[in-house]
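> this one's sequence-less:
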């Protein structure tokens, strides 16, 4: 079974609108962390936001927020007020304590922001 | 200052050759990683290493070996390169403390095996 699933291979969003990128995960480890990374066309991996399994509140970082629904095992990324520079691949990843803290990545979602 | 750096940025080589990719981090982190990103953009962990333990993804061929001269460096050595090794290789680092243990990535090394 896939540990991290991103069901949207590609998405369009109009500039200045909000967009939600989906991520579901599968783990039996009670201690885990969820991450979102952005990969622009230049290729680097940029850390965006983190949510711990024991965190009571949803994480926010500027225009990024993470909609964490633990019972549903989902960790969707919400980008508010999209900008042209947000066009990139977005990867959801999970760190499990019982897996040596290494990251397992989803297949990614390509986001394209339309002017 | 670059937090996690890799050299070279691009590497083109012939099948059968042996090559190394270098990684350095100046974040003071105690754990470093190597990931492989294939042509379909799928990212997969290869190794996790700190000064106490090496964790190897069981799917990684033993032609790949990490070498760490010190805490700030984790180089990736590849023997007998194959066509299927062509990919982007990312180094990352994190600090093993309680909390997020966010991994910070290097810029990637694009390897092409001919």
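Received it, and whenever you're ready, just let me know what you need. Keep in mind that what you see is a predicted model, and the values were worked out from it rather than measured. Residues are numbered from 1 along each chain as shown, chains lettered A, B, ... in the order given.
> Return the backbone torsion pair for the residue nearest the centre of chain B.
Most central in chain B under CA atoms, centre = their mean is residue B:34, positioned 2.9 Å from the mean C-alpha point. Dihedral pair for residue B:34: phi -130, psi 130, per degrees, to the nearest 10.
> Bridged to it, which residues?
Beta bridges link residue B:34 to residue B:47, residue B:91, judged by DSSP bridges.
> Next to chain A, which bits of chain B? Give me the list.
B:31, B:33, B:35, B:40-45, B:48, B:55, B:57, B:88, B:90, B:92, B:94, B:96, B:99-105, B:107-108, B:110 (CB under 8 Å from any CB of the partner chain). (Glycine included, C-beta is placed from N, CA and C.)
> switch the cut-off to 7 Å
B:33, B:41-43, B:45, B:48, B:55, B:88, B:90, B:100-105, B:107-108 (CB under 7 Å from any CB of the partner chain).
> if we can go back for a sec, for residue B:15, see how far away the residue nearest to the centre of chain B is.
21 Å (CB to CB, to the nearest Å).
> Is stretch A:69-84 positioned near chain B?
No: judged by CB under 7 Å from any CB, stretch A:69-84 and chain B are separated, with a smallest distance of 13.4 Å.
> Could you pull out the helices in chain A for me?
Remark: no helices are assigned in chain A by DSSP state H.
> what residue ranges in chain A are flagged as low confidence?
Residues of chain A meeting the criterion pLDDT under 70: A:1.
> Need the outlier residue of it, farthest from its centre.
Distance from the C-alpha centroid of chain A, by CA atoms, centre = their mean, peaks at residue A:115 (23.1 Å).
> any idea how far chain B is from the closest residue to that one other than its chain neighbours?
Leaving aside its sequence neighbours, residue A:115 sits nearest to residue A:15 (CB to CB, 6 or more residues apart in numbering or on different chains; 5.4 Å). From residue A:15 over to chain B the distance is 24 Å, taken as CB to the nearest CB, to the nearest Å.
> Please, where are all the strands along the chain?
No chain specified, so I'll use chain A. A:4-5, A:10-14, A:19-21, A:24-25, A:32-39, A:46-52, A:60-61, A:64-69, A:74-79, A:88-96, A:103-105, A:109-114 (DSSP state E).
> please go with chain B instead
Using DSSP E, strands in chain B cover B:4-7, B:10-13, B:19-25, B:31-37, B:43-50, B:54-56, B:64-67, B:75-78, B:87-94, B:104-105, B:109-113.
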